[in-house]
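Colleague: A predicted structure for the sequence below; I have some questions about it.
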Amino acid sequence: MAEVIIVSNEDEAGRIYADCAAQLIAAKPNCILGLATGSSPLAAYKALAAKVEADHIDVSQVRGFALDEYAGLDPKHPQSYRSTIDRTVVEPLGLNPELVHVPNGNLDTIATAGREYDAAIEAAGGVDMQILGIGTDGHIGFNEPGSSLASGTRIKTLTEQTRVDNARFFDNDINQVPTHCITQGIGTILKARQLVLLAFGAGKAEAVAATVEGGISSFCPASALQLHPHATVIVDEAAAARLQNRDYYKWAYDNKPAWQGI
């Protein structure tokens, strides 16, 4: 079962992620960070950027692989995930952009882009720590309900709910939101050596409960985290509201030996 950490706010969650990522970079300067977009990881990236600056951490060798990209959207579009990763991760942390990779959403090569992306991750040595958000329907990456838990990187059709959720990034106009994407599959995500999922707000409470305490099912793709040997779920009180064992999770974290980290 995943470790569950219940925090007061997003800033606290960000600091926990930043401390863990900084320790990883210190131990392995050329580590690979798995990168996600969306609102949930922003506090984590902000905290890590602050720590990199304050502690003078050398990130020149740090590599990155993003989870997904819209299909058919120009990488220079401000809401492409290439642009988003550059804006929210690469630039604030001072990473080398040539070492940070995003799936190729070009429609001319989309048929083979998934296999090529998985091969690139494997050739690089695999993701060391993957950050994840979660959709209101339990999706991670763009693995919508019903996705195979063994899936690799591939083209997916977005659900209407996901397009509604993401319309806020496109001037609240769902017609601007692409209908397809290329995303790391659940099987690809599970190959990362460490997973850290962040979720905040009451709107994520049902998905978090299904992920942590429900049965493992393709109808809640994030529930596959229960199969991973090193997964951590960091949530605020609102997102933890439907967890039956939340008191135990708090007790376990408060009494956790410092050497264990996350």
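Modeller: It's in. Numbering: from 1, shown residues only.
Colleague: just checking, what's the longest helix in this protein?
Modeller: When the chain is parsed with DSSP state H, its longest helix is helix 10-27.
Colleague: Whichever helix or strand comes after it pairs with which strands, and in what direction?
Modeller: The helix or strand immediately downstream of helix 10-27 is strand 32-35, counting by DSSP states H and E. Counting by DSSP bridges, the strands paired with strand 32-35 are strand 63-66 (parallel), strand 129-132 (parallel).
Colleague: what comes up buried for the helix or strand just after strand 32-35?
Modeller: Helices and strands here follow DSSP H and E; after strand 32-35, the next one along the chain is helix 42-55. Using 16 or more other C-beta atoms under 10 Å as the test for burial, helix 42-55 gives Leu42, Ala43, Ala44, Tyr45, Lys46, Ala47, Leu48, Ala49, Lys51, Val52. For glycine as for every other residue, the C-beta is placed from the backbone atoms N, C-alpha and C.
Colleague: quick one: pLDDT of the third one?
Modeller: Predicted confidence (pLDDT) at Ala44: the value is 98.
Colleague: now the strands for the protein?
Modeller: With DSSP state E as the definition, the chain shows strands at residue ranges 3-7, 32-35, 63-66, 68-70, 100-101, 129-132, 154-157, 180-183, 195-199, 231-236.
Colleague: From Gly215, how far out is Ala207?
Modeller: 14 Å (C-beta to C-beta, to the nearest Å).
Colleague: Ile155 too?
Modeller: From Ile155 to Gly215 the distance is 28 Å (C-beta to C-beta).
Colleague: and if you look at Thr37?
Modeller: Thr37 is 28 Å from Gly215, by C-beta to C-beta.
Colleague: Can you list the buried residues in the longest helix of the chain?
Modeller: For helix 10-27, by 16+ other C-beta under 10 Å, it's Glu10, Ala13, Gly14, Arg15, Ile16, Tyr17, Ala18, Cys20, Ala21, Ala22, Leu24, Ile25.
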